[in-house]
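Peer 1: Give the three-dimensional model of this entry:
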Amino acid sequence: MRRRLFDSYHRHIAPRTGLLPAGLRGAVAGGLHRVTRHPDFAFAAARAAGRADDPLFHVTATPDGPVPPAAPGEVLVQVGYLGLRVSGHLRAAPGAARPDRVTVTLDGTVLRAERLTWRGDTARFRTMIARPVLDLFPPDAVLRAEIGDGRRLAARGAGDGWRLRVPHGRGGIAAEIARRGPLEKKGNLRPDAGELARRQEAYLGLYSELRAVFAEAFDRPLLVLYGTLLGQVRAGDFIPGDDDFDVGYPSAAADPEAVRDEAIGIMERLAGMGYTLVLNDAGRPFRVRARDGAAWCHLDNRPVFAPGTGTVWLHRHAALPLPLSDFETPGRGLLRGTEVLTPADPEAFLAAYYGPGWRVPDPSYTRTDADIPAAARAGLARLCLSDREQRALAARHPGRIVPVRWQPPYPLADYAARVGF
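Peer 2: A predicted model of the protein is given here:
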């Protein structure tokens, strides 16, 4: 519901709020924040109130240039708390060729390419440009979305790009992209080679530490999954540029509520050991941060369980035709010389999750949940903690269990320290 409301706001309400008095705009956004707790609504309310303590309050995006001929779709740019939200859709005539990706550019510099998944004659895409990246934008630039044949998507039907005014931008994004490569999937700059190597070594150290904790305190293995497993199987190393670390543990419970209750118990014990646990804005368990470490040094952890449907379920939105025993009795492998636990048949996991082309690297790969049964999506949603549960945990473990949904978005430095951008 929060995601649908957020999308509806950006598509239908936010573009028209300039027609409303500032007080009314602030009241609408403030009410939406109280309902959803999404920081974009707090951002909009503070912006309407005329506050000046966030440089993004002064960033604007407006359609620019003539509408391109034969535009295949539309792109929308919105300024929000976390940065720029770029979304859009493409259309194709029946039987016509369908592009497989859309490229987002800034004054000709490629920021990121997003892979497209078509449903009928329409494909949608969404990408973020994180607020720290905007510091490197020039004060005046044009953002465009293009497909492979060079055609541009119309800017909300009124131009061939979005003119961005970023008064605090100091420039230099083109040089950073040339040095580091395109933005990563969350819209941040990729760390440079030295920083990335230090982070990856820190992830491996935290994994080894937590693997021992899970074995001793919880009597279960902690396995590498998703992109981390993909790099380990392909090359015994991280995927080039990979800046996160995915793990999971098997749960003996079969009911989502029981799995959630078990996860709460695990989080509380880890918090008692000095780790920081972070719940995302949906209340999904859970991210583990190093003891008193920086916000970036964490493992993305999730329970794996079998609900009795012949599949195993795990976030993100995965119902895979694999036995739970593959996770209860894992295999072993080496990741950059460090021993890691893997599913017993890691290639079966990768094929089930990424599809038959998993061996071929694709930097723009994204996975939709279009093929996930509705029952699995609903069941996985039941793993998420309620607002009451999140707030109760945060009260019992102040500073150790951090629900993103309930973090005050301002002051900015406090939010960044607790959650990161």
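Peer 1: Could you point out which residue ranges in the stretch 251-400 of the chain have low pLDDT?
Peer 2: Residue ranges of the stretch 251-400 of the chain with pLDDT under 70: 361-371.
Peer 1: now the strands for it?
Peer 2: 276-279, 287-289, 298-304, 312-314, 318-320, 331-335, 338-342 (DSSP state E, counting those that start in this stretch).
Peer 1: Which stretch among the ones you listed approaches residue 167 most closely?
Peer 2: Nearest to residue 167 among the strands of the stretch 251-400 of the chain is strand 276-279 (32.1 Å), distances taken as Cβ to Cβ. For the C-beta atoms, the positions are set from N, CA and C on the backbone; glycine is no exception.
Peer 1: helix or strand for the residue most central in space within the chain, which one?
Peer 2: When Cα atoms, centre = their mean is applied to the chain, the residue found nearest the centroid is residue 186 (5.3 Å). Residue 186 belongs to no helix or strand when assigned by DSSP states H and E.
Peer 1: Just list the residues touching it, thanks.
Peer 2: The contact partners of residue 186, taken as Cβ atoms under 8 Å, 6 or more residues apart in numbering, are 128, 130.
Peer 1: how's the chain carved up into domains?
Peer 2: What automatic domain parsing lists as the domains of the chain is 1-53, 54-190, 193-418.
Peer 1: related to what we said a few turns ago, quick one, which of the strands of the stretch 251-400 of the chain is packed in tightest?
Peer 2: Highest mean neighbour count of those: strand 312-314, a mean of 26 (counted as mean count of other Cβ atoms under 10 Å).
Peer 1: In the stretch 301-421 of the chain, what residue spans correspond to helices?
Peer 2: 325-328, 346-354, 374-381, 387-396, 412-418 (DSSP state H, counting those that start in this stretch).
Peer 1: How far away from the center of its chain is the last one?
Peer 2: Yep, that's helix 412-418 we're talking about. Chain-centre distance of helix 412-418: 18 Å, with Cα atoms, centre = their mean, to the nearest Å.
Peer 1: Tell me the buried residues in that helix?
Peer 2: residue 415 (16 or more other Cβ atoms under 10 Å).
Peer 1: Show residues contacting it.
Peer 2: Taking Cβ under 8 Å, 6+ apart as the rule, helix 412-418 contacts 39, 53-54, 295, 402, 407-409, 421.
Peer 1: let's see it at 7 Å
Peer 2: 54, 295, 402, 407-409 (Cβ atoms under 7 Å, 6 or more residues apart in numbering).
Peer 1: which of the residues you listed lies closest to residue 357?
Peer 2: Relative to residue 357, the closest of the contacts of helix 412-418 is residue 295; by Cβ to Cβ it sits at 33.4 Å.
Peer 1: residues touching that closest one, list them.
Peer 2: Contact partners of residue 295, counting by Cβ under 7 Å, 6+ apart, are 289, 417, 419-420.
Peer 1: What is the most widely separated pair among these?
Peer 2: Among the contacts of residue 295, 289 and 417 lie farthest apart (Cβ to Cβ), at 11.5 Å.
Peer 1: the longest helix in the protein is where?
Peer 2: helix 193-218 (DSSP state H).
Peer 1: Pull out the buried positions in it.
Peer 2: In terms of neighbour count (16+ other Cβ under 10 Å), helix 193-218 has its buried residues at 196, 199-200, 202-204, 206-207, 210-211, 213-214.
Peer 1: what angle separates that helix from strand 298-304?
Peer 2: Between helix 193-218 and strand 298-304, the angle comes out at 40 degrees (axes from the mean of the first three to the mean of the last three Cα atoms, to 10 degrees).
Peer 1: Distance from the chain centre to helix 193-218, please.
Peer 2: 21 Å.
Peer 1: So which elements touch that helix?
Peer 2: strand 298-304, strand 338-342 (3 or more Cβ pairs under 7 Å, 6 or more residues apart in numbering; DSSP states H and E).
Peer 1: As CSV, those with distance to residue 180 would be great.
Peer 2: Output for the helices and strands packed on helix 193-218, formatted as CSV (distance: least, Cβ to Cβ, whole Å):
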stretch, distance to residue 180
strand 298-304, 21
strand 338-342, 25
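Peer 1: Determine which of those strands approaches residue 382 most closely.
Peer 2: strand 298-304 (12.2 Å).
Peer 1: Quick one: residues in contact with the closest one.
Peer 2: Under Cβ under 7 Å, 6+ apart, the answer for strand 298-304 is 203, 206-207, 210, 244-251, 259, 263, 286-289, 312, 314-315, 327.
Peer 1: List the strands paired with it, with their directions.
Peer 2: strand 246-250 (parallel), strand 287-289 (antiparallel) (DSSP bridges).
Peer 1: right, and residue 161 touches residue 143 too?
Peer 2: Yes. In this structure residue 161 lies within contact range of residue 143 using Cβ atoms under 7 Å: 6.1 Å.
Peer 1: In contact with residue 42, which residues?
Peer 2: 33, 81, 409.
Peer 1: which stretches of the stretch 101-250 of the chain have low pLDDT?
Peer 2: Counting by pLDDT under 70, the stretch 101-250 of the chain contains low-confidence ranges at 157.
Peer 1: can you give me the strands in it?
Peer 2: If DSSP E, counting those that start in this stretch is used as the criterion, the strands of the stretch 101-250 of the chain fall at 101-106, 109-115, 118-119, 122-130, 140-146, 154-155, 161-165, 223-224, 246-250.
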